[in-house]
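[1] no letters, just coordinates:
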């Protein structure tokens, strides 16, 4: 999805802005996928979504920082040269793959931590 947005808006906006906008738009969908795959449907979805806003904001910040850093390093050009050495045709931006993996792992880890940490009940000991 980021690739399509980059193709459509690259002339007007830089990649960091495009990444942040697309990520912000897909926050509810991303949360829904994480919740359904790991925890099941929460009793109060809206409350669950709102509690995860800090995770999503940190995800956008990390992804934006990674996008800018990889762009400054000319990562895609270097990846293309690397793959050409092995006669592999690379038709997509490798930076998008790296960012997807980094933000996916970050989001999954924090979502798991946030959704697993609930109020702990004190056990009665006699």
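    Nice, thanks for sending it over. Just so you know, these numbers come straight off a predicted model, no measurement behind them. Numbers count the residues shown, from 1 in each chain.

[2] isn't residue 55 up against residue 107?
    Yes - in this structure, residue 55 is within contact of residue 107 by C-beta atoms under 8 Å, at 6.4 Å. In this view, the C-beta of every residue, glycine as well, is placed from N, C-alpha and C.

[3] what about the helices in the protein?
    Shown for the chain, the helices assigned by DSSP state H span residues 2-9, 15-25, 27-38, 45-51, 53-72, 75-85, 94-116.

[4] can you list the helices and strands that the fourth one packs against?
    In this case it means helix 45-51. Where contact means 3 or more C-beta pairs under 8 Å, 6 or more residues apart in numbering; DSSP states H and E, helix 45-51 is packed against helix 27-38.

[5] how many residues are close by the closest residue to residue 110 other than its chain neighbours?
    Among residues not flanking residue 110 along the chain, residue 55 sits closest, at 4.4 Å (C-beta to C-beta, 6 or more residues apart in numbering). When neighbours are counted by other C-beta atoms under 10 Å, residue 55 registers 22.

[6] contacts only, for residue 55.
    107, 110, 111, 114 (C-beta atoms under 8 Å, 6 or more residues apart in numbering).

[7] name the nearest of those residues relative to residue 34.
    Closest approach to residue 34 among the contacts of residue 55 (C-beta to C-beta): residue 111, at 4.6 Å.

[8] so who does that closest one touch?
    Contacts of residue 111 (C-beta under 8 Å, 6+ apart): 31, 34, 35, 38, 52, 55.

[9] tell me how far the one residue sitting closest to the centre of the chain lies from residue 82.
    For the chain, residue 103 is the residue whose C-alpha lies nearest the centre (C-alpha atoms, centre = their mean; 3.6 Å). Residue 103 sits 22 Å away from residue 82, taking C-beta to C-beta, to the nearest Å as the criterion.

[10] equivalent analysis for residue 49, please.
    Taking C-beta to C-beta, one finds residue 49 at 39 Å from residue 82.
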